[in-house]
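Q: next one to model:
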Amino acid sequence: MAAVAFDDAVSGGGGDRPGCITSHVVGGSVESYRYYVSRRTVMEMLSDRGYNVPDSDLTRSLTEFRTVFGQNPDLERLRICVSLRSNPKKKIMVIFCGTDEIRKATVCGIYANLLYKESISGLMLVLQSKINSYAQKELETYPYKVEIFQISELLVNITKHVLQPKHEILTAEEKKVLLRKYNLEEKKLPLMLETDAFARYYGLEKGQVVKITYHGGVVGALKTYRCIV
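A: As a prediction, this is how the structure comes out:
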């Protein structure tokens, strides 16, 4: 997926995304551009999940980003912490990591220096390198969900791609109505893996159902449903 995401970002395949990356390097660094695009994708992702993201973070231009964060952004300043609109007590923190391999000591340091001080219900790490198995096992002990994205996966917002079918997440009640309507058991629905790019974008959990609408072709609009597993 990383290679596809980067190609889309470069070619302009992601809807209103900028085209050739080299056009943004003139007068600025590639590093600042990568952080700008990936951070904006994260902001869009969190907003789509229902978090209270300031409009200024969704509309900030590359020039404004470089004015605020510089050509070589400080990773601590890129950090994000926002609350759920429907429940302000639920907060998620996003941490941008450096280029060194993520080890157990790295994640322990993050927790000791920051996370234990914050009342959060979710954590997202944006990586630029590998994370070893010891660090991954340590993250599994955390009392909340930890999501991991490579920065290359965030160079384009997959939900804005021109070829992306429409996805709608069903509420628990809508799911019940669907199963009743077609006299189905949950296990009989077509499946979508929790590791699917769309499921990861929305942070979907096992058991949630997604309605997918495909447009075009002979049949016009085709609707299907997927249950997250």
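
Q: nearest residue to Lys187 in space, please, no chain neighbours.
A: Cys227 (7.9 Å; C-beta to C-beta, 6 or more residues apart in numbering). (C-beta placed from N, C-alpha, C; glycine too.)

Q: dump the residue contacts of the one you found.
A: Contacts here follow C-beta atoms under 8 Å, 6 or more residues apart in numbering; on that basis Cys227 touches 186-187, 189-192, 207-210.

Q: if any of these are buried, put those into a PyMOL selection.
A: Burial among the contacts of Cys227 is assessed by 16 or more other C-beta atoms under 10 Å; the matching PyMOL selection reads:
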select buried, resi 189+192+208+209+210
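
Q: among the contacts of Cys227, list the two that are farthest apart in space.
A: Lys187 and Val210 (15.8 Å; C-beta to C-beta).

Q: okay, domains of this protein per the record?
A: With domains defined by automatic domain parsing, the chain comprises 2-159, 165-228.

Q: what pLDDT, on average, does the first one get?
A: For domain 2-159, the mean per-residue pLDDT is 86.

Q: show me how far that domain is from its chain's centre.
A: Relative to its chain's centre, domain 2-159 lies at 8 Å (C-alpha atoms, centre = their mean, to the nearest Å).

Q: next one: the shortest one
A: Between the centre of domain 165-228 and the centre of its host chain there is 19 Å, according to C-alpha atoms, centre = their mean.

Q: so Ser129 versus Thr59, what's the distance?
A: 30 Å (C-beta to C-beta, to the nearest Å).

Q: ok, back up a step: show me what the residue nearest to Lys187 is bridged to.
A: Cys227 has these beta-bridge partners by DSSP bridges: Leu191, Val209.

Q: pLDDT score for the residue nearest to Ile169 when sequence neighbours are not counted?
A: Distances taken as C-beta to C-beta, 6+ apart place Val210 nearest to Ile169, at 5.7 Å, with adjacent residues excluded. The per-residue pLDDT reported for Val210 equals 96.

Q: good, wrapping up.
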